[in-house]
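*Asks:* Got a predicted structure plus its sequence, pasted below:
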Amino acid sequence: MRGLSDPPSSLIRQADAFARAIFPGGFLVFLLVLASLPLGLPGLVPAVCLPCVFFWSVFRPAGLPPPAVFCIGLLQDLLIQAPLGSSVLVLLICQGIALRWRGFLAKLSFLMIWLIYIVMALGAAVLAWALQCVLNLQLLPPAPALYGVALTAGLYPTLSYLLARVHQVMRQAEGAV
């Protein structure tokens with residue numbers, strides 16, 4: 001019949017499904033590289049990474065599985081010149097907590113999720129700071145860690161809005177297939 005579009009081929013459907021599957025991790029890698037540019041804003045890489053890991057862990061956990069978070073943590077360590085594995089540990093713990101509480105978190109309002117995220121970001125900063133102290137064998141000032149919490153807490157609303165729109169588009173595309 002003329003005028004009706006043919007259903008997309010199997011290859012196009014597979015490519016679409018693959019693109020949706022790798023988008024959360026791929027976009028996060030892009031953001032990390034972008035955040036590592038010398039923009040004069042220290043601490044931007046971890047401040048971008050943690051909100052994305054938290055968001056995808058709560059709203060689309062299959063999009064950012066633990067092996068991807070492991071690789072992203074290694075990339076973050078390389079970009080910020082942190083001891084290898086420190087960001088991996090922090091991100092995997094945060095992801096585990098978000099996954100464990102995801103059923104509860106997904107039902108909350110944005111404001112409650114944001115407040116819970118701030119508490120998680122504070123815990124992540126304390127853990128990262130403690131790891132840095134232990135690995136450097138000296139007590140480091142906590143001010144940079146607190147600055148990082150403030151920066152990531154301030155970026156979370158913007159990032160979550162952007163990621164929520166992308167997630168909504170992805171869900172609509174999945175519903176249309």
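*Replies:* Sure, I can see it. Numbering: from 1, shown residues only.
*Asks:* and stretch 107-122, how far out from the chain's middle?
*Replies:* Distance, stretch centre to chain centre, for stretch 107-122: 14 Å (Cα atoms, centre = their mean, to the nearest Å).
*Asks:* What residues of that stretch count as buried?
*Replies:* Residues of stretch 107-122 classed as buried: 113, 116-118, 120-122 (neighbour count, 16 or more other Cβ atoms under 10 Å). (Each C-beta comes from the backbone N, C-alpha and C, glycine too.)
*Asks:* Can you dump the C-alpha atoms of stretch 17-24 in PDB for me?
*Replies:* Taking C-alpha atoms only, stretch 17-24 is exported to PDB below (Å, rounded to 0.1, in the frame of the first residue of the first chain):
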ATOM      1  CA  ALA A  17      18.300  -0.300  20.700                       C
ATOM      2  CA  PHE A  18      22.100  -0.300  20.800                       C
ATOM      3  CA  ALA A  19      22.200   3.500  20.800                       C
ATOM      4  CA  ARG A  20      19.700   3.700  23.600                       C
ATOM      5  CA  ALA A  21      21.600   1.100  25.600                       C
ATOM      6  CA  ILE A  22      25.000   2.900  25.400                       C
ATOM      7  CA  PHE A  23      23.700   6.500  25.600                       C
ATOM      8  CA  PRO A  24      23.900   6.800  29.400                       C
END
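*Asks:* Buried residues in it, which are they?
*Replies:* So for stretch 17-24, counting by 16+ other Cβ under 10 Å, buried means 20, 23-24.
*Asks:* likewise stretch 26-37?
*Replies:* Judged by neighbour count (16+ other Cβ under 10 Å), stretch 26-37 contains these buried residues: 27-29, 31-32, 35-36.
*Asks:* could I get those as CSV with distance to residue 140 and secondary structure?
*Replies:* CSV is the format used below for those (distance: Cβ to Cβ, whole Å; DSSP: H, G, I helix; E, B strand; the rest coil):
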residue, distance to residue 140, secondary structure
27, 32, helix
28, 27, helix
29, 28, helix
31, 26, helix
32, 23, helix
35, 22, helix
36, 21, coil
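*Asks:* re earlier: identify those among the buried residues of stretch 107-122 that sit within helices.
*Replies:* 113, 116-118, 120-122 (DSSP state H).
*Asks:* so where's the longest helix in this protein?
*Replies:* helix 143-176.
*Asks:* one step back: among the buried residues of stretch 17-24, name the ones in helices.
*Replies:* Using DSSP H, the members of the buried residues of stretch 17-24 that fall within helices are 20, 23-24.
*Asks:* Which of those sits closest to residue 172?
*Replies:* Lowest distance from residue 172 to these (Cβ to Cβ) belongs to residue 20, with 10.9 Å.
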